[in-house]
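**Q** Have a look; sequence and predicted model below, questions after that.
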Amino acid sequence: MPVSRYYDVKRDERGERYLEPYVSGFLLLRLPLLNKGTAFTEEERRALGLEGLLPPHVNTLEEQKERVYRRYRLITSPLEKHVYLRHLQDRNEVLFYALLVDHLEEMLPILYTPTVGEAVREFSHIYRYPRGFTASTKNIDRLEEALANVPLEEVRLIVATDSSAILGIGDQGYGGMAISIGKLTLYTAVGGVGPDKTLPVELDVGTDREDLLQDPLYLGVRHKRLRGDEYYRFLDRFVEAVRRRYPKALIQWEDFAKEAAFNVLERYRKVVPSFNDDIQGTGAVALAGVLSACRLKGEKLSDQVVVIYGAGAGGIGVAWALG
């Protein structure tokens, strides 16, 4: 089966990978995983129906990076830089990741913390282009049908959030989608996970934020958060639909409020490959740091006295890992 209904990845006689697109012309230029912009060669432009749709000069990737980086440097607001980079990602992913890898230290704080917190708060106001998948109370009963609309066949990593406890700023409703997008961007840029193997997911179960519910531009469902059995029935349907559509996918539960985080982790950890980033991810990183410090001091972990400030999912996860 092709990796997407729009293209497949194949190998030539030398064993080198190449893309075989199943679309051409204007539509091809609108698919960020396929669009090379001004880097399409003259031969490619003729073969793919792009002749006349692009400026005549063929750019190298280095020239493209120089052009977009110059524009990026002119922007002064961190949020506007975030929007600029996300817009680039939504039109040309090869160029986006090439630029990001070249300027990783400079751009990570723009694409993720701390700037992503503002992007989450302003998500409905700065929304430009669809990315990821939304499971909401409006489509939960048709979730398998909705997941079939995702044009990727080999998703291996899903970051899913219910936006109930985003980055310490609490309930952010539909804006939490920015967290799922941002985290997967890091996995591709730093971890080398193919972008067409990832899927950011927003679990839109409502919000208790009255200001969001009253905002005419708010993009999420407009009701209070699901609670109790109704909430877990929603998640059960989501997990089952994912298992059927992407049986090899790992689910990372991201930024769930403490009261749900542990229950969700325990409920699904033996049902589908999954982990909670705030509990287990934070705990693993803290444990690695403490073990390194012990090694430098020539001491054992059992010799240490540890004080954990805060009893949220992250703090408890650190205690679990150190215990």
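**A** Yes, it's here.

**Q** could you pull out the strands for the chain?
**A** Assigned by DSSP state E, the strands in the chain fall at 7-11, 17-21, 133-136, 157-161, 198-204, 250-254, 274-276.

**Q** In JSON lines, list those strands along with mean neighbour count and mean pLDDT.
**A** Glycine gets a C-beta too; all of them are placed from N, C-alpha and C. Listed next are the strands of the chain as JSON lines, based on neighbours: other CB atoms under 10 Å; pLDDT from 0 to 100:
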{"stretch": "strand 7-11", "mean neighbour count": "14", "mean pLDDT": "95"}
{"stretch": "strand 17-21", "mean neighbour count": "11", "mean pLDDT": "93"}
{"stretch": "strand 133-136", "mean neighbour count": "21", "mean pLDDT": "98"}
{"stretch": "strand 157-161", "mean neighbour count": "25", "mean pLDDT": "98"}
{"stretch": "strand 198-204", "mean neighbour count": "25", "mean pLDDT": "98"}
{"stretch": "strand 250-254", "mean neighbour count": "23", "mean pLDDT": "97"}
{"stretch": "strand 274-276", "mean neighbour count": "21", "mean pLDDT": "95"}
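
**Q** which stretch among those comes nearest Phe123?
**A** strand 198-204 (9.6 Å; CB to CB).

**Q** Can I get the strands of the chain in CSV including distance to Gly175?
**A** Listed next are those as CSV, based on distance: least, CB to CB, whole Å:
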stretch, distance to Gly175
strand 7-11, 31
strand 17-21, 33
strand 133-136, 12
strand 157-161, 10
strand 198-204, 9
strand 250-254, 13
strand 274-276, 20
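
**Q** Which of those sits closest to His103?
**A** strand 198-204 (21.2 Å).

**Q** Output the contacting helices and strands for that closest one.
**A** strand 133-136, strand 157-161, helix 177-189, helix 228-245 (3 or more CB pairs under 8 Å, 6 or more residues apart in numbering; DSSP states H and E).

**Q** Of those, which is nearest Ala313?
**A** Closest among the helices and strands packed on strand 198-204, using CB to CB: strand 157-161, at 12.5 Å.

**Q** so Val318 sits right up against Ala288, yeah?
**A** No. Val318 sits out of contact with Ala288 when judged by CB atoms under 8 Å, with a separation of 11.2 Å.

**Q** Spatially nearest residue to Gly132, not counting backbone neighbours?
**A** Pro200 (3.5 Å; CB to CB, 6 or more residues apart in numbering).

**Q** Cool, thanks, signing off.
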